[in-house]
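Undergrad: next comes the sequence, and after it the predicted model I'd like to discuss.
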Amino acid sequence: MPSDMPYAVNLLDKEKIARDIELAKTQSDFIVVCPHWGIEYTNEFNREQEEMAKYMTRLGANLIIGTHPHVIQLVKWVTADNGNSALVYYSLGNFVNFTSDAGKGVANRAVRAMANVTLTKENDTVKISDYSVIPLVSQMIIGTGKVTSYKISDYNSELASDNEMTKKDSEFSYDYCVNLCRQIFGTEVRIDGID
């Protein structure tokens, strides 16, 4: 950490996390934590992410939305040893992506998702009453202002064939995007926009 830039990043310090969650409990009915964790470009969450998710859940986090891997990862409920539970989106990927890398697996970077979470308040308790993912695809077109994201429900094979990602990873296609979402999210979470 640069000594002249203490604001640059908060490391995953368990004592600081505990203090922040305790403070959040005094000011809110529902706690969302967004940790910067995991291994870049890896679609599988690791043991450290899982342990940290359980730690944050035990402290009182209700929803955890992970960042940093730049690709999608599993969504699942986590239960801590004290009985607290939280919904964890391990990684939703980048909202927009234009990578310069090429090769097998680079196409995973074009697929991302948005968390779709419904909260309900009953008797002063806020809980998650519904949740899903809305898959997105980053449409990479050369030129200023031409990189954008599409919901997968609005995407198709024709758009995929125009995506610069086809030049970076020959496996990229509309079907590739759909299959990756099914593979990663499985049956743990409803996938909006995919039959």
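TA: Now that the structure is in, tell me what you want to look at. Because the structure is predicted, anything quoted here is derived from the model rather than measured. Numbers count the residues shown, from 1 in each chain.
Undergrad: pull out the buried residues from the host helix or strand of residue 136.
TA: Using DSSP states H and E, residue 136 sits in strand 125-139. By neighbour count on 16 or more other Cβ atoms under 10 Å, the buried set for strand 125-139 is 128, 131-139. Yep, even glycine has a C-beta here, placed from its N, CA and C like the rest.
Undergrad: same check, this time on stretch 181-188
TA: 181, 184-185.
Undergrad: contact partners for the residue nearest to residue 164 when sequence neighbours are not counted?
TA: Take residue 164 and drop its neighbours on the chain: the residue closest to it by Cβ to Cβ, 6 or more residues apart in numbering is residue 140, 3.9 Å away. For residue 140, the contacting residues are 97-99, 110, 147, 163-165, by Cβ atoms under 8 Å, 6 or more residues apart in numbering.
Undergrad: 7 Å instead, please
TA: Residue 140 makes contact with 98, 110, 147, 163-165 under the criterion Cβ atoms under 7 Å, 6 or more residues apart in numbering.
Undergrad: one more: residue 129?
TA: 118-120.
Undergrad: again, but for residue 162
TA: residue 141.
Undergrad: measure the residue positioned nearest the centre of the chain to residue 153 for me?
TA: Centroid-nearest residue in the chain, with Cα atoms, centre = their mean: residue 92, separated by 2.0 Å. The gap separating residue 92 from residue 153 is 17 Å, by Cβ to Cβ, to the nearest Å.
Undergrad: try residue 5
TA: Taking Cβ to Cβ, one finds residue 5 at 42 Å from residue 153.
Undergrad: neighbour-wise, which of those two wins?
TA: Shown here are residue 5 and residue 153; by other Cβ atoms under 10 Å, residue 153 has more neighbours (13 against 8).
Undergrad: doesn't the more buried one belong to a strand?
TA: No: with DSSP: H, G, I helix; E, B strand; the rest coil as the criterion, residue 153 is located in helix rather than a strand.
Undergrad: quick check, it in contact with residue 193.
TA: Yes: between residue 153 and residue 193 there is a contact under Cβ atoms under 7 Å: 3.1 Å.
Undergrad: out of the contacts of residue 129, who has the most neighbours?
TA: Going by other Cβ under 10 Å, residue 119 tops the contacts of residue 129 with 15 neighbours.
Undergrad: picking that back up, between the contacts of residue 129, which is closest to residue 65?
TA: Closest approach to residue 65 among the contacts of residue 129 (Cβ to Cβ): residue 119, at 13.6 Å.
Undergrad: quick check: pLDDT value at that closest one.
TA: Looking at residue 119, its pLDDT stands at 98.
Undergrad: that one bridge partners, please.
TA: Under DSSP bridges, the beta-bridge partners of residue 119 are residue 128.
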